[in-house]
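**Q** with the input below, show me the fold.
(one chain, ligands or ions: 1)
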Amino acid sequence: MSPDRPPSPSEQPLRLYGDLADWYPLLTPPGDYVEEAASYLRLFTRHCERPPRTLLDLGSGGGHMVFHLRATLACTLVDRAPAMLAQSRRLNPDCEHVAGDLRSIRLGRTFDCVLLHDAVNYMTTRADLARAIATASAHVAPGGVALFQPDFVAETFVPGTETGGSDEGDRGLRYLEWRHQRAGDHESYVTDTAYLMRDAGGATVAHDRHLMGLFPRAVWQQQIAAAGFEARTVPFVHGPCSDVGRDVFLGLRPTRTAQA
Ligand SMILES: C[S@@+](CC[C@H](N)C(=O)[O-])C[C@H]1O[C@@H](n2cnc3c(N)ncnc32)[C@H](O)[C@@H]1O
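**A** As a prediction, this is how the structure comes out:
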């Protein structure tokens, strides 16, 4: 393998979701998710045929989004990283947590709402994207809705950097995230992320290379429809990021179609 070409994420676990998982709450604290969670809840409520009661979060990470939804919805969280599930169990002890791969897991029951947000970025081929959407489809009840939220579609991607982080007690983390496409990257991009962490013992640095998928809107819409949903695309409107021009893709399952 070329040194410039990383193994796929399933072959190379990211440190952020492994040995560094207990730093995750300092990278994006749960409080950062308030407005995004509120906008998801509005979309679920608007597009579900009944007041939504249950939610499946695929690729739920630290459970920071669910933290703001669990008062309204009975939440089930799925992630393949044991260290992230452990973080989320601490934050959301009243919620059901299941270890599994969002491309293949089948729980054998359905939910009013299925959420697949930042974890869907890790689908780096059309085949994996189709598997993830099929998982959502297998778990949406008649009258329910699936919501897909990639960071970028091919039409909106811009290379760039982001910085952030936070402190808690004697621990602090700052990160630099650098998004770019390498020569030959077609429907993917790379996010190189450097983490600088300090605690009472001193400071350390670490690096992860996140390989992310990047698909045209039309591919999203086709795949959502192919999975048996009525596909909708809506603008992503929530406080700090409302100017970013992100897309939210919805998969609706109207009861009139389900019963036909
Ligand atoms: C950025 S974190 C999600 C954070 C989450 N939105 C929250 O509210 O805390 C991305 C998560 O996707 C998970 N993930 C990536 N690929 C996955 C897969 N194929 N199956 C299950 N989980 C996956 C990672 O383990 C990681 O925990």
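**Q** tell me where the stretch 151-260 of the chain has helices.
**A** 217-226, 255-259 (DSSP state H, counting those that start in this stretch).
**Q** deepest of these, which one?
**A** Comparing the helices of the stretch 151-260 of the chain by mean neighbour count (mean count of other C-beta atoms under 10 Å), helix 217-226 comes out on top with a mean of 17. C-beta: built from backbone N, CA, C; applies to glycine.
**Q** now the residue of the stretch 151-260 of the chain at minimum distance from the ligand: closest residue in space, sequence neighbours ignored.
**A** The nearest approach of the stretch 151-260 of the chain to the ligand comes at H210, 8.9 Å away (C-beta to the nearest ligand atom). In space, H210 comes closest to T191 once its chain neighbours are excluded; the distance is 4.2 Å by C-beta to C-beta, 6 or more residues apart in numbering.
**Q** isn't Y40 right up against M65?
**A** Yes - with contact defined as C-beta atoms under 8 Å, Y40 counts as touching M65 (7.4 Å).
**Q** pull the contacting residues for D192.
**A** The contact partners of D192, by C-beta atoms under 8 Å, 6 or more residues apart in numbering, come to 177-178, 180, 207-210.
**Q** what's the ChimeraX line that selects buried ones from those residues?
**A** The following ChimeraX line selects those of these that are buried, judged by 16 or more other C-beta atoms under 10 Å:
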select :177,208,210
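**Q** near the ligand, which residues of the stretch 51-200 of the chain?
**A** 59-65, 79-81, 84, 101-103, 117-119, 122 (C-beta under 6 Å from any ligand atom).
**Q** could you pull out the strands in the stretch 51-200 of the chain for me?
**A** 54-58, 74-79, 96-99, 111-116, 140-148, 160-168, 171-180, 188-199 (DSSP state E, counting those that start in this stretch).
**Q** reformat these as JSON lines; add mean pLDDT and distance to P216.
**A** Shown next, in JSON lines, are the strands of the stretch 51-200 of the chain (pLDDT from 0 to 100; distance: least, C-beta to C-beta, whole Å):
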{"stretch": "strand 54-58", "mean pLDDT": "98", "distance to P216": "22"}
{"stretch": "strand 74-79", "mean pLDDT": "98", "distance to P216": "27"}
{"stretch": "strand 96-99", "mean pLDDT": "98", "distance to P216": "32"}
{"stretch": "strand 111-116", "mean pLDDT": "98", "distance to P216": "18"}
{"stretch": "strand 140-148", "mean pLDDT": "98", "distance to P216": "14"}
{"stretch": "strand 160-168", "mean pLDDT": "97", "distance to P216": "20"}
{"stretch": "strand 171-180", "mean pLDDT": "98", "distance to P216": "18"}
{"stretch": "strand 188-199", "mean pLDDT": "97", "distance to P216": "13"}
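**Q** returning to what we had before: name the residues contacting each of Y40 and M65.
**A** Common contacts of Y40 and M65 (C-beta under 8 Å, 6+ apart): 115, 117.
**Q** just the closest residue of the stretch 1-150 of the chain to the ligand, please.
**A** The ligand sits closest to G61 of the stretch 1-150 of the chain, with a gap of 2.4 Å, by C-beta to the nearest ligand atom.
**Q** can you redo the strands of the stretch 51-200 of the chain as JSON lines with distance to Q222?
**A** Output for these, formatted as JSON lines (distance: least, C-beta to C-beta, whole Å):
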{"stretch": "strand 54-58", "distance to Q222": "20"}
{"stretch": "strand 74-79", "distance to Q222": "25"}
{"stretch": "strand 96-99", "distance to Q222": "29"}
{"stretch": "strand 111-116", "distance to Q222": "17"}
{"stretch": "strand 140-148", "distance to Q222": "13"}
{"stretch": "strand 160-168", "distance to Q222": "28"}
{"stretch": "strand 171-180", "distance to Q222": "25"}
{"stretch": "strand 188-199", "distance to Q222": "18"}
